[in-house]
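Visitor: Here is my input; please provide its structure:
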Amino acid sequence: MNGVQKPERDALRPAAKVRVAPALALCVIILLAGVTMGVGISAIFPSVPNLFTSQPAGRWSDPAYLTERYMKRIDETVGLSKDQEARVRPVIQDHVQEMLKIRRQLQPELIAQTRQLDRQIRPLLRDDQIPLWETYYNERMQRWNRPVETQPATQAAPAE
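Guide: The predicted structure is shown next:
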């Protein structure tokens, strides 16, 4: 041959051939198994809060729920006797009622401030970010037990 040696066919292949397809398939299987387990566990234990869901908003306006929550935390912290629990409960019930009253009074201002935030942030976002912002905004409104707005704050809204 012309003095030029052709390399052997195997010499052109990398020494350690990486098998991407099986590794990728294994990653997909692990991901699907994790998602399946997560869904299953969420179905079995729906009342266990996690980082991605919040408590139903209605609980935070329920005086009985809030009273029991306070009582449980106080008891866990200081260890109330039965007599103390009987005397503390009415105080907590009054406190909860006053806090809910304040919340109802301030709620229109909080909603107005949240709408103002929407009006200020929306123009700063790219078009592809706006649907993500709307999802975030609507989740915040729901979490605070407020009706989700049906029209963006940037449109003409009825007078408040």
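Visitor: contacts, neighbours, all on C-alpha from now
Guide: Will do.
Visitor: Let's verify residue 128: helix, strand, or coil?
Guide: Put simply, residue 128 is coil when judged by DSSP: H, G, I helix; E, B strand; the rest coil.
Visitor: What's the local residue count around it?
Guide: Neighbourhood size, residue 128 [other CA atoms under 10 Å]: 8.
Visitor: Residue 137 now?
Guide: Residue 137: 19 neighbours (other CA under 10 Å).
Visitor: For it, give me its contacts.
Guide: Going by CA atoms under 8 Å, 6 or more residues apart in numbering, residue 137 touches residue 118.
Visitor: Just the pLDDT for it.
Guide: Among the per-residue scores, residue 137 shows a pLDDT of 86.
Visitor: Which strand or helix spans it?
Guide: According to DSSP states H and E, residue 137 maps onto helix 130-143.
Visitor: repeat for residue 34
Guide: helix 20-44.
Visitor: Tell me the first helix or strand C-terminal of that helix.
Guide: Next along from helix 20-44, by DSSP H and E: helix 63-78.
Visitor: Quick check: buried residues in the helix or strand that comes right after that following helix?
Guide: Heading C-terminal from helix 63-78, the first helix or strand you meet, by DSSP H and E, is helix 82-121. Within helix 82-121, the residues scored as buried using 16 or more other CA atoms under 10 Å are 92, 93, 96, 97, 100, 111, 114, 115, 118.
Visitor: what's helix 82-121 packed up against?
Guide: Contacts defined by 3 or more CA pairs under 8 Å, 6 or more residues apart in numbering; DSSP states H and E place helix 82-121 against helix 63-78.
Visitor: re earlier: make JSON lines from the buried residues of helix 82-121 and add pLDDT to it.
Guide: Below are those laid out as JSON lines (pLDDT from 0 to 100):
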{"residue": "92", "pLDDT": "93"}
{"residue": "93", "pLDDT": "95"}
{"residue": "96", "pLDDT": "93"}
{"residue": "97", "pLDDT": "93"}
{"residue": "100", "pLDDT": "89"}
{"residue": "111", "pLDDT": "82"}
{"residue": "114", "pLDDT": "85"}
{"residue": "115", "pLDDT": "86"}
{"residue": "118", "pLDDT": "89"}
